[in-house]
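**Q** sequence? don't have it. structure:
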């Protein structure tokens, strides 16, 4: 917990520093400005309050999230902007192009995303849901807020390759946007800040918590002394749950997944930055933000909710299937990787649980299949098809 508090504190300081600097925008020929004909008499300012709904048994939303003045108008605007291709340089790409709802808002099973100029990125597109609990965004944590996370892809020459000035000019050429921005923010003179705030508020509503696992938890009222109760036909899922929460053993039976992807907090991530031993010489990761060598090779621990739909896996999309991921942890962890998490090498030394994952999990073929079955039980079909999150355009 203290480590996570330090992360929140670091990003508080980091945000103060970056907010005083103006990011250079890509040099792109400007679109001729459109005269602003909107006026306060044409549109009505609206502030219909919206309250985020916390799923049963989830942690309380962090205080900074509760302090955000969310409105239905801003969320509706953000949803429209999320699917708006005019935010890209050639009007062909939107946020949703790399964050598809049916794939839990990841990039259509692609290993790496491709921008408007057919240039490939270097990281796998991250899932977008339950974001209220995250202290930072992107694999390397370079964005301390959702609002900044929404700003950067438009400017990135590898992604949407546009300037916000151009994007706003295009939006102001449409009556719907002039009306919606006025209703949401009570101004005709809107800019990238308003757009990013709206997108961030829409993204906060992307909440997933209705999987087979959640139903099993609800049957016992999340009683820790009983655990989730899986139904008829879910025996393999139940076995996979025990493996997920089992410590490493020379006789197999333990996947040791829960230390980083806790079931206790219902999030299936500790929201930390860690090195899981992919490579002996890992890429920089969180080091690019902190410039501290102890963070080299660390990447954000992703949630395992909806993981059946978010492949390929790892920050670089190197594993195509969940079976490959399980086999990596079973026999492929690089114990000599720089800054690998000690628990992966030495185990939970505080509780005296023996060796870590790096020594091998010794899972049988059946145990690996059971573990994958449990991971698939974290899928939330209602979330993947919720019309409130779909393209309104």
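**A** That came through fine. No experiment lies behind these values; they were computed from the predicted model shown.
**Q** could you use CA atoms for every contact and neighbour count after this?
**A** Fine.
**Q** could you say which helix or strand holds residue 196?
**A** Using DSSP states H and E, residue 196 sits within helix 192-204.
**Q** which residues touch the next helix-or-strand element following that helix?
**A** Of the helices and strands lying after helix 192-204 in sequence (DSSP H and E), the nearest is helix 212-219. By CA atoms under 8 Å, 6 or more residues apart in numbering, the residues outside helix 212-219 that reach it are 223, 227, 228, 229, 230, 231, 377, 378, 379, 380.
**Q** report the buried members of those residues.
**A** 228, 229, 230, 377, 378, 379, 380 (16 or more other CA atoms under 10 Å).
**Q** what's the angle between whichever strand or helix holds residue 165 and helix 192-204?
**A** Element membership for residue 165 (DSSP H and E) is helix 164-172. Using axes from the mean of the first three to the mean of the last three CA atoms, to 10 degrees, the inter-axis angle of helix 164-172 relative to helix 192-204 is 80 degrees.
**Q** what residues of the helix or strand following helix 164-172 count as buried?
**A** For helix 164-172, the following helix or strand on the C-terminal side (DSSP H and E) is helix 175-185. For helix 175-185, a neighbour-count test (16+ other CA under 10 Å) marks 177, 178, 179, 180, 181, 182, 183, 184, 185 as buried.
**Q** surely the fifth one is in contact with residue 192?
**A** Yep, that's residue 181 we're talking about. No: using CA atoms under 8 Å, residue 181 is not in contact with residue 192, being 11.3 Å away.
**Q** surely residue 258 and residue 242 touch.
**A** No: counting by CA under 8 Å, residue 258 sits too far from residue 242 to count as a contact (10.3 Å).
**Q** any residues touching stretch 247-263, and which ones?
**A** Here stretch 247-263 has contacts from 242-246, 267-270, 301, 303-304, 330, 347, 353-357, 361-364, 367, 371, using CA under 8 Å, 6+ apart.
**Q** same thing with stretch 146-156?
**A** 25-26, 87-88, 136-138, 143, 159-164, 192, 196-197, 199-200.
**Q** report the mean confidence score over it.
**A** The average pLDDT within stretch 146-156 is 94.
**Q** what are the buried residues along it?
**A** 146, 147, 148, 149, 150, 151, 152, 153, 154, 155, 156.
**Q** next step: those restricted to helices.
**A** Of the positions in the buried residues of stretch 146-156, 146, 147, 148, 149, 150, 151, 152, 153, 154, 155 sit in helices, assigned by DSSP state H.
**Q** can you redo those as JSON lines, where the extra columns are distance to residue 278?
**A** Formatted as JSON lines, those follow (distance: CA to CA, whole Å):
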{"residue": "146", "distance to residue 278": "28"}
{"residue": "147", "distance to residue 278": "31"}
{"residue": "148", "distance to residue 278": "29"}
{"residue": "149", "distance to residue 278": "26"}
{"residue": "150", "distance to residue 278": "29"}
{"residue": "151", "distance to residue 278": "30"}
{"residue": "152", "distance to residue 278": "27"}
{"residue": "153", "distance to residue 278": "27"}
{"residue": "154", "distance to residue 278": "30"}
{"residue": "155", "distance to residue 278": "30"}
